[in-house]
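K.L.:
generate a structure from the sequence data that follows.
(chains A, B and C)
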Amino acid sequence: MMQRIEHPWNLPPKQAIDLQKQLSRKVIRKSTIKTNAVRKVAGIDTAYRGGVACAAAVVLQFEDLETIEYKTAARPVAFPYVPGLLSFREGPVILAALNELKSTPDLLIFDGQGIAHPRRLGIASHIGLLVDIPSIGCAKSKLVGHYEQPGEKRGSFSYLTYHDETIGAVVRTRRRVKPVYVSIGHRVNLRESIKFVLHCCKGYRLPETTRRADKLSRKKLLIH
DNA sequence: GCGACAG
DNA sequence: ATCTTGTCGC
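P.N.:
All right, here's what the predicted structure looks like:
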């Protein structure tokens, strides 16, 4: 997949912020796709360990969420975690992983914010803009904004507001489960973003035990 | 000055 | 995000 826009990454915070302000003006908040036209959706996330960042990009068939392919990439960590500048930390390694993909996704879903960001350029908007592919931000926690707790039923949601503007939605993907923070990334409106996220969470189940709990229970079995 | 603060 | 002990809930 080819990048439409390129720019330096290892910038001082002040310059990174200026760049975000410039790039955010190019983000398209309207939907340029038809739900029926989305055949391949990619999920992107990054992990860290010992000074190395590892990004994974998994392409799924939108219809049944069957895996088509996945690629990973690793890079030395070259930027600290600074709230609001996450894309400068994960951008390079994520782009490396995306470049390894043989297929081109119709939609990208990121673990982070889209325009629900101080300068309206969260990681989903930033990367979506650079590769010019419709993208959605789907975060586990809030960066900015205010909201009312959404209903408990799956699919219920409330709007995330910031400076008298709707910047995203707090969506219940499943009962009894913490809601996710959905926001426009690039070339997709909020309405569609919520629909896509709910579709992709269909049938999802939290692991019965976390790895930690699993280890503990195993240890107890050995003791007993 | 104080609180908030994606991953 | 990662590390990591104990604790609460189903």
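K.L.:
A:Phe157 and DNA strand B, how far apart?
P.N.:
When distance is defined by Cβ to the nearest atom of the strand, to the nearest Å, A:Phe157 is 17 Å away from DNA strand B. Placement of C-beta: from N, CA and C, glycine included.
K.L.:
quick check, that residue in contact with A:Thr173.
P.N.:
No - contact criterion Cβ atoms under 8 Å: A:Phe157 and A:Thr173 do not qualify, at 9.5 Å.
K.L.:
common neighbours of those two, please.
P.N.:
A:Pro179 (Cβ atoms under 8 Å, 6 or more residues apart in numbering).
K.L.:
and for whatever residue of chain A ends up closest to DNA strand C, the neighbour number?
P.N.:
At 3.3 Å from DNA strand C, A:Ala47 is the closest residue in chain A, using Cβ to the nearest atom of the strand. Under the neighbour criterion other Cβ atoms under 10 Å, A:Ala47 is assigned a count of 12.
K.L.:
am I right that it falls within a strand?
P.N.:
Yes - under DSSP: H, G, I helix; E, B strand; the rest coil, A:Ala47 sits within a strand.
K.L.:
what's the helix or strand for the nearest residue to it once chain neighbours are set aside?
P.N.:
Distances taken as Cβ to Cβ, 6 or more residues apart in numbering put A:Cys54 closest to A:Ala47, at 5.0 Å, once the chain neighbours are dropped. Assigning secondary structure by DSSP states H and E places A:Cys54 in strand A:52-61.
K.L.:
list the buried residues of that strand.
P.N.:
Neighbour-count burial for strand A:52-61, counted by 16 or more other Cβ atoms under 10 Å, picks out A:Ala53, A:Ala55, A:Ala56, A:Ala57, A:Val58, A:Val59, A:Leu60.
K.L.:
pLDDT added to those residues, as CSV?
P.N.:
Compiled in CSV, the buried residues of strand A:52-61 are given as follows (pLDDT from 0 to 100):
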residue, pLDDT
A:Ala53, 98
A:Ala55, 98
A:Ala56, 98
A:Ala57, 98
A:Val58, 98
A:Val59, 98
A:Leu60, 98
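K.L.:
quick one: the residues you listed as CSV, columns for distance to DNA strand B too.
P.N.:
Converted to CSV, the buried residues of strand A:52-61 look like this (distance: Cβ to the nearest atom of the strand, whole Å):
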residue, distance to DNA strand B
A:Ala53, 10
A:Ala55, 10
A:Ala56, 11
A:Ala57, 14
A:Val58, 15
A:Val59, 19
A:Leu60, 19
